[in-house]
Structures are given as structure tokens and as C-alpha cells.
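Asks: just the structure for this:
(chains A and B)
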Amino acid sequence: MTTVVCELCPRYCAIPDGGAGDCRVRINLDGKLIATTFARPSSVHIDPMEKKPLFHFLPGTSIFSIATAGCNLHCKNCQNWQLSQHSGEEMDTIFKAPPELIVKTAITQSCSSIAYTYSEPLIFYEYVNETAIIAHHRGLKNVLVTAGYVNETPLRQLCKNLDAANVDLKAFDDNFYRQVCGATLKPVLDALVVLRQEEVWLEITNLIIPGLNDDLSMVRRMATWIRDELGKDTPLHLSRFSPQYQMRNIPPTPSEALRRSREEAMNVGLEHVYVGNLPGDDSESTYCPIDGTLLIKRYGFTIQNYNLLKGGRCPTCKHKISGVWL
Amino acid sequence: MKTDQGSQNTEVTDRPDRRNFLSGAGSLAITALGVTALGNENINKINKGPKELPLHEADFYAPHSEAG
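Replies: Here you go, the predicted model:
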């Protein structure tokens, strides 16, 4: 009856024989830790890259997207809780999809990249890693959409085969992480720094929830930290909250609050701050930080006008916009 | 754009609310860059039947020690 300690994430779950970690999907069987959702995704889709959201990474391309059950956070506002807050065997739909099949299907579907997304890909770490290695060998890119609650060693190893990541920075406040997500802030900040150091293209999403993390001083502190630790060219997506899961008593974020938060972040010096979930708003589009030229006009996930020159340069001043461009 | 099997479990999004205006957006974005639009019907060719798969041992774990 050997208890094992999972060293993947900062929880360091001590898991007795027959038990599961906090994520529900990593279980101890006879002293061996088993990744129960390996090759068993419960969600498989083709999405536009803009849905991740990634606005500076191969814009307008399709990305093959997979997820398994489970998560190592327990956010009260989770929009995918049917997926994230269940274990693998509780799912109605489970596909048999070994890494080779995922890559082969992505290629068949003319996708140039694969996203590990929807729930928390870090808890199906081995599946992500093996798929990502094969994908790279076949010329595909790999994208992680994550909350970033992971230890440094596994993250650095995974980065060898990652090309881009969108990290959900839930709030710039440890109390928020503890009370709303059942986690802590510092490991997430550490993960963001690691991704930058490992030269994975990085964009950040911050969901603005009225009354909980919409304080402008918090937005200012977050933007300042991003500017100083990750670079002013790191795109930040400020997304509109909608009532979900255990947080249906809070109204959607007013559009004005999102615009004020964006203004605050841009005043700090961030070059690319986007408002999400407000289709039609000007702040969905990309502008040159030097001369203000409209570079990519978007409506929701749709690119309506693409004005970047090859290599991601502004057609007016030739400034190179940070990102990975076609 | 989803390929669910009629289950809530597969109706997923990356960010809140975005499911409300997904329809067609991906294809339009692709068309804007001159790339052929895609269908996703064939994803369903991925077979169900996970119990046929062997168990996969995880990375990054160690025996628990009382000493910590």
C-alpha cells in the first residue's frame, strides 16, 4: 500500500493506493501513478486560432483542439465545469485517440497546429507531451491554453515542444486565487516567466468579474508586472465575464468596465490590450503601437481585414509587431 | 464550431460567452487569409472505445515519505 506524491503541480498531492489526486484524473494503482485520461479525450474540435484567444500567432488559421476531463483548479465561474470538474470515467463521451491519431487527424483536417485546451491540459501532461513531440516531427505547431498552475521542471520539459501559450491569469491577487479558484497566485506568475524564458509565444487572458477583480488598481499592478517581467509587447486579453457554474449570481461585466481596464493597462505601457467577448468593439483589433495604423481588423473570431506585411511589419512605419505571423 | 455527440460534456469553449457567436467565424477568418475553409465532420472518425487502451504511467511522481 504505497502512497505516492504527484510532483506535477504545486499541490503535491499525496495519493494513497487506489486514490486520485485533486485533479481527479491522476490515480495511484499499486504504487504507480497512472494518467487515466492519456489518449482519452472527451472533447475534440476544430477552432479558429482567435478563439484560444491567440491574436499574434498564425492569425486566421484553424487549430485542432483537444481536452480530457479533470482540472487542478476549481474555479467557481468555470464555463467548462462539465468537463473540468469530473473524472474521466464520468464523461458521457470519451474518444480513443492515441497521440499518433490526433496528429494524423489534425493533418487530414488541414490544421497547422494543435491546441491542448478547454479544461486544464497540464493535468493530462503526458498526453500533451507525447502528442506535441509527434506533432513537431510532422511539422505542426503546439499551443497550450492553461491556467499555468504547474511546477517548473515539468513545464520546462514541456516547453521544448510548445510554440505558443495563452495563460489565464485569473486575477492579480492571491486571495482571489484561494477563494475563487482553490489555488494560489505565485506559481502562475512563475510559470509565465518560465514560458517567456523558454521563448514560447505568450498571450495572457484576464477574465474581469464585477466586484471581484475589476478594481483598476489591480489591473494596473497586473499590467505593470506583465510589462516588467514579460515585456510590454505581451498581448493581454481582458475578457467579459458571463454568469456560469457556481457564480450565476454575478452579472456580466459592463462594457465600460472593460474599456476602463484596457485604458489602464495601456497607460501602463502594454502595447496590445484586447477586450474579449464584446464582438464589434474596436479593441478587438490590432493596431501598430508606433503610429496607430489598423493592422488586423477583427469581429469576434473573424478577421475582416489583414494589413500586416510579411514578417508582421506595419505597412506604414515598417515596425515589426511581436508575434508569429504567416 | 463543435462536433459534440449530443452531450453537454463536449460543448466547450475557451472563453465565456464566445460560444454565442461561434457560427461561421472560423471559416470567415480562414477565408480572409485566402486559405481553403475546412469542415470538421471527419473528426468523428476518431473511434470511441477507450477501455481497449492500456493504462499509461504518469511522469513526475515519487513514493511518499513521512519525512516529507
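
Asks: remind me which helix or strand residue A:45 belongs to.
Replies: According to DSSP states H and E, residue A:45 maps onto strand A:43-48.

Asks: that strand close to chain B?
Replies: Yes - judged by Cβ under 8 Å from any Cβ of the partner chain, strand A:43-48 comes into contact with chain B at A:43-48. (C-beta placed from N, C-alpha, C; glycine too.)

Asks: just the buried ones from these, in PyMOL syntax?
Replies: Buried residues within the residues of strand A:43-48 next to chain B, by 16 or more other Cβ atoms under 10 Å in any protein chain shown, are selected in PyMOL with:
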select buried, chain A and resi 43+44+45+46+47+48
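
Asks: lowest-confidence helix or strand of chain B?
Replies: helix B:25-32 (a mean of 38; mean pLDDT, DSSP states H and E).

Asks: the next helix or strand after that one pairs with which strands?
Replies: For helix B:25-32, the succeeding helix or strand toward the C-terminus, using DSSP H and E, is strand B:61-63. Sheet pairing of strand B:61-63 (DSSP bridges) gives strand A:4-6 (antiparallel).

Asks: ranges for the strands of the stretch 51-200 of chain A?
Replies: A:62-67, A:113-116, A:141-146, A:164-168 (DSSP state E, counting those that start in this stretch).

Asks: out of these, which gets nearest to residue A:218?
Replies: Shortest separation from residue A:218 across those is recorded for strand A:164-168, at 15.6 Å, computed as Cβ to Cβ.

Asks: what residues does the stretch 151-300 of chain A put near chain B?
Replies: For the stretch 151-300 of chain A, the residues in contact with chain B (Cβ under 8 Å from any Cβ) are A:151, A:153-154, A:166, A:205, A:207, A:237, A:239-242, A:244, A:252, A:276-277, A:279, A:300.

Asks: pull out the buried members of the residues you listed.
Replies: So, by 16+ other Cβ under 10 Å, the buried ones in these are A:151, A:154, A:166, A:205, A:207, A:237, A:239-242, A:244, A:276-277, A:279, A:300.

Asks: where's the dip in pLDDT among these?
Replies: Minimum pLDDT across those is recorded for residue A:244, with 88.

Asks: what's the least confident helix or strand in chain A, going by average pLDDT?
Replies: Lowest by mean pLDDT, DSSP H and E among the helices and strands of chain A is helix A:81-84, with a mean of 85.

Asks: hey, C-alpha coordinates of it in PDB?
Replies: Taking Å, rounded to 0.1, in the frame of the first residue of the first chain, the C-alpha atoms of helix A:81-84 are listed here in PDB:
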ATOM      1  CA  TRP A  81     -17.200  22.600 -15.500                       C
ATOM      2  CA  GLN A  82     -18.900  19.600 -17.000                       C
ATOM      3  CA  LEU A  83     -15.600  18.700 -18.400                       C
ATOM      4  CA  SER A  84     -13.200  20.100 -15.800                       C
END
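
Asks: how far does it sit from the chain's center?
Replies: Chain-centre distance of helix A:81-84: 16 Å, with Cα atoms, centre = their mean, to the nearest Å.

Asks: next, the buried residues of it.
Replies: Buried, per 16+ other Cβ under 10 Å, within helix A:81-84: A:81-84.

Asks: from those, pick the one nearest chain B.
Replies: Nearest to chain B among the buried residues of helix A:81-84 is residue A:82, at 4.9 Å by Cβ to the nearest Cβ.

Asks: still on that earlier bit, any chance of the residues of strand A:43-48 next to chain B in JSON lines with distance to residue B:62 and pLDDT as columns?
Replies: JSON lines is the format used below for these (distance: Cβ to Cβ, whole Å; pLDDT from 0 to 100):
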{"residue": "A:43", "distance to residue B:62": "31", "pLDDT": "89"}
{"residue": "A:44", "distance to residue B:62": "33", "pLDDT": "92"}
{"residue": "A:45", "distance to residue B:62": "36", "pLDDT": "92"}
{"residue": "A:46", "distance to residue B:62": "39", "pLDDT": "95"}
{"residue": "A:47", "distance to residue B:62": "37", "pLDDT": "95"}
{"residue": "A:48", "distance to residue B:62": "41", "pLDDT": "96"}
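
Asks: gap between the two ends of stretch A:273-289?
Replies: End-to-end distance of stretch A:273-289: 11 Å, with Cα to Cα, to the nearest Å as the criterion.

Asks: got the contact list for the nearest residue to residue A:261 once chain neighbours are set aside?
Replies: Counting by Cβ to Cβ, 6 or more residues apart in numbering or on different chains, residue A:261 lies nearest to residue A:219, which is 4.7 Å off, once chain neighbours are set aside. Residues in contact with residue A:219, defined by Cβ atoms under 8 Å, 6 or more residues apart in numbering or on different chains, are A:172, A:206, A:208, A:238, A:261, A:264-265.

Asks: and what of residue A:32?
Replies: A:4, B:57.

Asks: quick check on residue A:33: phi, psi?
Replies: Torsion angles at residue A:33 (phi, psi; degrees, to the nearest 10) stand at phi -90, psi 120.

Asks: cool, and residue A:251?
Replies: Dihedral angles for residue A:251 - degrees, to the nearest 10 - are phi -70, psi 160.
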